[in-house]
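>>> task: produce atomic coordinates for the following.
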Amino acid sequence: MKKVAVIGGGVIGQYISWKLSEAGYSVSVFDYRKKECLKDKACSVLVSERIKDFIPIADDIIENTIEYCDIHFSKGKTTLQFNPPHLALNKEKLMNLLLELNEKSGTKFFFETRIKCIPKGFDYIIGCDGADSTIRKLLKLKDPKLKLGAQWFLNQEDKSRTTETFLRKDGFAWRIPRGNNIECGFFGESTERGKDMLGALIPVPGFPLIDAGLIFSNEDNIALCGDAMGLTKPWSGGGIIWNLYAADMLISNFPNFKQYKKEVIHFFWWKILKGKILNGLVNFFGRYFPYIIPKKIKYDNDFSVAFTSKK
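Below you'll find the predicted structure:
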């Protein structure tokens with residue numbers, strides 16, 4: 001039986017390990033955190049309903065359903081109607097679900113294990129160890145450009161179905177109603193601007209997020225996926241749905257990592273480029289000519305597609 005090492009026990013790492021274990025491979029997952037701390041990585045886990053196509057999400061994992069996003073410019077705003085709607089998920093329950101699925105399929109876990117070299121004794125290695133990937137560094141691959149973010153919470157109930165973003169030149173701030181509390185955060189060049197926009201609040205320490213890009217292993221038996229590959233949406237920094245698509249490409253082609261690379265590039269290169277262009281245009285017109293942007297847009301936030309719009 002072929003042995004597979006998955007480095008990183010986040011959402012993408014556990015999804016891949018679960019699927020490969022079900023396919024009959026002997027899979028071991030290594031993560032430097034304690035088991036109960038897998039949920040602690042700063043991540044909104046605000047994803048479209050497409051996540052149900054990959055993971056069997058139960059109702060108790062969903063904290064709130066988000067149907068709209070108000071984008072605030074320096075003058076005026078526009079409202080996106082998400083199609084499909086988005087789900088604010090409970091990170092701890094999501095991670096527990098993935099752990100259960102892996103345990104049932106036979107995945108072995110090694111927590112509190114920090115990888116310092118390429119693991120020995122495995123036929124294949126998959127790096128899913130985040131933005132500051134150790135596997136990527138060990139392979140001496142070029143790091144992508146990193147941006148900073150901050151995330152904090154308000155102890156205030158809010159079950160509304162509209163999230164808000166506040167655009168600025170160096171990034172954007174967000175406010176997500178999660179039901180029992182409100183999540184606030186900032187993504188961009190400076191976390192201080194996020195505090196200015198959303199009030200004098202104290203965020204948790206900044207964390208790195210990867211700009212959209214694609215980074216691949218140069219070894220036949222080693223692959224990268226998740227944030228370690230640099231695959232994130234240019235307009236938001238989010239990447240769970242995109243990386244689940246990429247993970248399925250890896251799984252369906254496993255262990256042919258060259259074909260996996262071809263499929264990822266073919267599927268995402270235009271989406272990344274289009275996202276960067278549209279993000280730049282929205283920021284430009286929102287800053288200088290906000291009246292040109294429709295007041296309401298029906299929008300697929302996973303693939304940056306506008307279906308209909310209203311003035």
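>>> work out which residue lies at the spatial centre of the chain.
For the chain, the residue nearest the mean C-alpha position is Gly239 (2.8 Å; Cα atoms, centre = their mean).
>>> looking at it now. What's its pLDDT?
Looking at Gly239, its pLDDT stands at 89.
>>> neighbours of Thr79, how many?
Look at Thr79: counted by other Cβ atoms under 10 Å, it has 16 neighbours. In short, each C-beta sits where N, CA and C put it, glycine included.
>>> so in terms of bridging, what pairs with it?
Under DSSP bridges, the beta-bridge partners of Thr79 are Asp70, Lys296.
>>> now it: how far from Arg175?
14 Å (Cβ to Cβ, to the nearest Å).
>>> before we move on, back to that, pLDDT at the nearest residue to the residue nearest to the centre of the chain once chain neighbours are set aside, what is it?
Take Gly239 and drop its neighbours on the chain: the residue closest to it by Cβ to Cβ, 6 or more residues apart in numbering is Thr232, 3.9 Å away. Looking at Thr232, its pLDDT is 89.
>>> average model confidence for stretch 184-196?
On average, stretch 184-196 scores 63.
>>> now stretch 67-82
Stretch 67-82 comes out with an average pLDDT of 93.
>>> contacts for that stretch, please.
Outside stretch 67-82, the residues that touch it by Cβ atoms under 8 Å, 6 or more residues apart in numbering are 48, 66, 85-86, 161-167, 282, 286-287, 290-291, 293-301.
>>> could I get stretch 28-38 in CSV with only the CA atoms?
Extracted in CSV, the C-alpha atoms of stretch 28-38 (Å, rounded to 0.1, in the frame of the first residue of the first chain):
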residue,chain,number,x,y,z
SER,A,28,-0.6,10.3,7.7
VAL,A,29,-1.3,13.9,8.6
PHE,A,30,1.4,16.0,10.3
ASP,A,31,0.5,19.3,12.1
TYR,A,32,2.5,21.4,14.5
ARG,A,33,-0.6,22.3,16.5
LYS,A,34,-2.4,20.5,19.2
LYS,A,35,-5.6,18.6,18.0
GLU,A,36,-7.9,21.1,19.8
CYS,A,37,-6.0,24.1,18.3
LEU,A,38,-6.7,23.3,14.6
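>>> what's it in contact with?
3-10, 13-14, 17, 40, 95, 99, 102, 107-115, 119, 122.
>>> also stretch 52-62?
Contacting residues not belonging to stretch 52-62 are listed as 15, 51, 87-90, 93-94, 97-98, 244, 247-248 [Cβ under 8 Å, 6+ apart].
>>> that one: which residues count as buried?
The neighbour-count check on stretch 52-62 (16 or more other Cβ atoms under 10 Å) flags Phe54, Ile55, Ile57, Ile61, Ile62 as buried.
>>> and stretch 32-47, by the same measure?
Tyr32, Arg33, Leu38, Lys39, Lys41, Ala42, Cys43, Ser44, Val45, Leu46, Val47.
>>> and it, end to end?
With Cα to Cα, to the nearest Å as the measure, the ends of stretch 32-47 fall 26 Å from one another.
>>> for the record, mean pLDDT for that stretch?
Stretch 32-47 comes out with an average pLDDT of 88.
>>> chain center to it, what's the gap?
12 Å (Cα atoms, centre = their mean, to the nearest Å).
>>> now, among the contacts of stretch 52-62, which is nearest to Trp152?
Lowest distance from Trp152 to these (Cβ to Cβ) belongs to Ala88, with 15.4 Å.
>>> could you give the number of residues near the closest one?
Other residues lying near Ala88 total 22 when counted by other Cβ under 10 Å.
>>> ok, it to Lys159 distance?
10 Å.
>>> got any residues that touch both of these two?
By Cβ under 8 Å, 6+ apart, the residues touching both Ala88 and Lys159 are Asn64, Pro177, Gly179.
>>> would you turn those residues into TSV with secondary structure?
TSV is the format used below for the shared contacts of Ala88 and Lys159 (DSSP: H, G, I helix; E, B strand; the rest coil):
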residue	secondary structure
Asn64	strand
Pro177	strand
Gly179	strand
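>>> scan those residues and report the most crowded one.
Pro177 (22 neighbours).
>>> wait, that residue sits on Leu154?
No. In this structure, Pro177 is not within contact of Leu154 by Cβ atoms under 8 Å, at 9.9 Å.
>>> ok, the nearest residue to Asn218 once chain neighbours are set aside - contacts?
Excluding the flanking residues, the one nearest Asn218 by Cβ to Cβ, 6+ apart is Leu139, at 6.5 Å. The contact partners of Leu139, by Cβ under 8 Å, 6+ apart, come to Ser217, Asn218, Glu219, Ile222.
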